[in-house]
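[1] fold the following, please.
(one chain, ligands or ions: 1)
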Amino acid sequence: MGIKVAKFGGSSLADENQFKKVKDIINADPDRRYIVPSAPGKRFSEDIKITDMLYRCYDLAKRGEKFDEEFALIEKRYNDIISALSLTLSLEDDFAEIKSAMRAKVGRDYAASRGEYLNGKILAEYLGYAFIDAAEVIFFDENGRYAADHTDYVLSERLKNVERAVIPGFYGVSANDTIKTFSRGGSDITGAIVAKAARADLYENWTDVSGFLCADPRIVNNPRPIGIITYRELRELSYMGATVLHEDAIFPVKSAGIPINIRNTNKPEDCGTMIVASVSTIPGDEENSNVITGIAGKKNFSVISLEKDRMNEEVGFGRRVLEVLERHNVCFEHLPSGIDTMSVVVNDLAIAEDKSELIADLFEETNADSIDVESGIALVAVAGHGMKNMRGTAAKIFGALAEANINIRMIDQGSSELNIIIGVNNDDFEESIRTIYAAFEN
Ligand code: ASP
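    Numbering: from 1, shown residues only. Sure thing, here's the model as predicted:
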């Protein structure tokens, strides 16, 4: 028997009907042995997530205000699920304990984590699986960082003795024994951690979309779904704004070589997106002939361009530029350069406050002949593992943009040839994405 870890997001467990779909999915494949739930999410667009309700209760408690009314709404949501599923489980003791812990102000993370904790208890009961409290198996160190090695050791030992279990997402325990959560959306990370510890064959991440789309549907009409994508491409696209999976969820499974499959709880027949280490991992990939995997981007960058005669002969020029940026606490995104020019692409916000001091320091440190700053630049990343072996990809992108009358302000292609980054004016951002998409997909 294989092992699959299945994480279900908040919308997949928002009410009793969603719980039923989840049970059907789990029962359809005996390999789905370890299940990681989020807290109940929104049932309709104006609804409030349980996690947000818990934060609100805690904030009231912390100010010494009453929160019973708000907390009663949380109790009702769980109790409605329990009775609709005809379970005999009672969470009344847990509710009482959580309320008194909130009054004792034990921590905002503790309060938020109870959403997953309670949902995990219900799901375990409903499935007939064991319940493993994440506080017993997921650890943070004294600096508040996730303790990967310790967790992997304890959790993998624990799972060896449990054939099927529900482990709530989003939280663990810190060095001083208090509950700590990952950042929002962090159940994705728990799922990846469990997959690694279980030495799983696959990490399934069940949500309310059938995987990643090749471009933002708010910009491109009906974009193609992505069938297969590498971890690295995903990282490029997520960084540039494509969301579905928490960015940090990639690392635990990537290091263990476990593929991630993004699936849709409401459309379990869809294959979703498979995220793999390299494209050859999946047999049958030969059919996947798309050159471009995805297009994503972000607005509001600045390009700082330094020019100096004979820059290429000057040892340490780049270091001096980067040192100045470091002193000003500015991260750089890209460094396209020419023989006597060097450009640094940074986020507009990162230099908004002390732009003139930064430029003055750069002049002083580098003796550049000129330094120009251009703001309002958007970056568009075109990612694709197929690009490397395909001649003419760049020509196709740039030709299409020229035809659409879009002025390209910057080009950067990593040596991995995994992606091409193009800088355009903010105003041309959406049209650039549509144009590139049309050049490859039509
Ligand atoms: N419930 C948490 C949140 O709303 C964590 C998660 O859903 O992944 O952020």
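
[2] any low-confidence regions in the stretch 101-250 of the chain?
    239-242 (pLDDT under 70).

[3] which residue ranges of it form strands?
    130-131, 165-166, 171-173, 179-181, 202-207, 228-230 (DSSP state E, counting those that start in this stretch).

[4] packing partners for the first one?
    Strand 130-131 sits against helix 108-127, strand 165-166, with contacts defined as 3 or more C-beta pairs under 8 Å, 6 or more residues apart in numbering; DSSP states H and E. To be clear about C-beta, it is placed using only N, CA and C from the backbone, and glycine gets the same treatment.

[5] give the partner strands of the last one in its sheet and their orientations.
    Based on DSSP bridges, the pairing partners of strand 165-166 within the sheet are strand 32-37 (parallel), strand 130-131 (parallel).

[6] and the ones you listed: which comes nearest the ligand?
    Judged by C-beta to the nearest ligand atom, the one of the strands paired with strand 165-166 that comes nearest to the ligand is strand 32-37, at 8.9 Å.

[7] residue 366 against residue 316, yeah?
    No - contact criterion C-beta atoms under 8 Å: residue 366 and residue 316 do not qualify, at 9.5 Å.

[8] those two: which has the busier surroundings?
    residue 366 (21 against 9; other C-beta atoms under 10 Å).

[9] against residue 358, how distant is the more buried one?
    12 Å (C-beta to C-beta, to the nearest Å).

[10] pull up the overlap in contacts between those two.
    Common contacts of residue 366 and residue 358 (C-beta atoms under 8 Å, 6 or more residues apart in numbering): residue 324.

[11] the residue nearest the centre of the chain: what's it in contact with?
    With distances taken as C-alpha atoms, centre = their mean, residue 246 lies nearest the centre of the chain, 2.2 Å away. If you count contacts by C-beta under 8 Å, 6+ apart, residue 246 has them with 182, 183, 185, 186, 188, 189.

[12] and if we set it to 10 Å?
    182-192, 205, 238 (C-beta atoms under 10 Å, 6 or more residues apart in numbering).

[13] tell me how far it lies from the ligand.
    7 Å (C-beta to the nearest ligand atom, to the nearest Å).

[14] what's the answer for residue 441, then?
    From residue 441 to the ligand the distance is 32 Å (C-beta to the nearest ligand atom).

[15] which one is that residue nearest to, not counting chain neighbours?
    residue 224 (5.9 Å; C-beta to C-beta, 6 or more residues apart in numbering).

[16] with residue 166 instead?
    According to C-beta to C-beta, 6+ apart, the nearest residue to residue 166 is residue 124 (4.0 Å).

[17] okay, now the one you found: neighbour count?
    Around residue 124 there are 21 residues (other C-beta under 10 Å).

[18] and stretch 151-169, which residues are buried?
    Across stretch 151-169, burial judged by 16 or more other C-beta atoms under 10 Å covers 151, 152, 154, 155, 158, 159, 165, 166, 167, 168, 169.

[19] the fourth one touches residue 196, doesn't it?
    Yes - Residue 155 sits in contact with residue 196 when judged by C-beta atoms under 10 Å, with a separation of 8.5 Å.

[20] still on that earlier bit, which one, of the helices and strands packed on strand 130-131, ends up nearest to the ligand?
    The nearest among the helices and strands packed on strand 130-131, by C-beta to the nearest ligand atom, is helix 108-127 at 5.4 Å.

[21] distance to the ligand for the strands of the stretch 101-250 of the chain - can I get that in TSV?
    Shown next, in TSV, are those (distance: least, C-beta to the nearest ligand atom, whole Å):
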stretch	distance to the ligand
strand 130-131	17
strand 165-166	15
strand 171-173	9
strand 179-181	7
strand 202-207	10
strand 228-230	21
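
[22] for residue 279, which of those is the nearest?
    strand 228-230 (6.4 Å; C-beta to C-beta).

[23] in terms of secondary structure, what does that closest one contact?
    With contacts defined as 3 or more C-beta pairs under 10 Å, 6 or more residues apart in numbering; DSSP states H and E, strand 228-230 has these neighbours: helix 231-239, strand 273-276.

[24] strand partners (parallel or antiparallel) of it?
    strand 273-276 (parallel).

[25] what sits up against the strand it pairs with?
    Counting contacts by C-beta under 10 Å, 6+ apart, the residues touching strand 273-276 from outside are 202-203, 205, 209-213, 225-231, 233-235, 244-245, 249-250, 253-254, 257-263, 281-282, 285, 288, 293-294, 385.

[26] just the buried residues of these.
    Buried, going by 16+ other C-beta under 10 Å: 202-203, 205, 209-213, 226-231, 233-235, 244-245, 249-250, 253-254, 258-263, 285, 293-294, 385, out of the contacts of strand 273-276.

[27] residue ranges with poor pLDDT in the stretch 301-442 of the chain?
    For the stretch 301-442 of the chain, the ranges with pLDDT under 70 are 414-417.

[28] can you tell me the element the residue in it that the ligand sits nearest to falls in?
    Closest to the ligand within the stretch 301-442 of the chain is residue 349: 24.0 Å, counting by C-beta to the nearest ligand atom. Assigned by DSSP states H and E, residue 349 belongs to helix 348-352.

[29] then residue 261?
    Counting by DSSP H and E, residue 261 is part of strand 260-264.

[30] the one residue in the stretch 51-200 of the chain that gets nearest to the ligand: neighbouring residues, count only.
    Of all residues in the stretch 51-200 of the chain, residue 187 sits closest to the ligand, at 3.2 Å by C-beta to the nearest ligand atom. By the criterion of other C-beta under 10 Å, residue 187 has 31 neighbours.

[31] numbering from 17 from now on, please.
    Fine by me, first position is 17 from now on; the one you just mentioned is residue 203.
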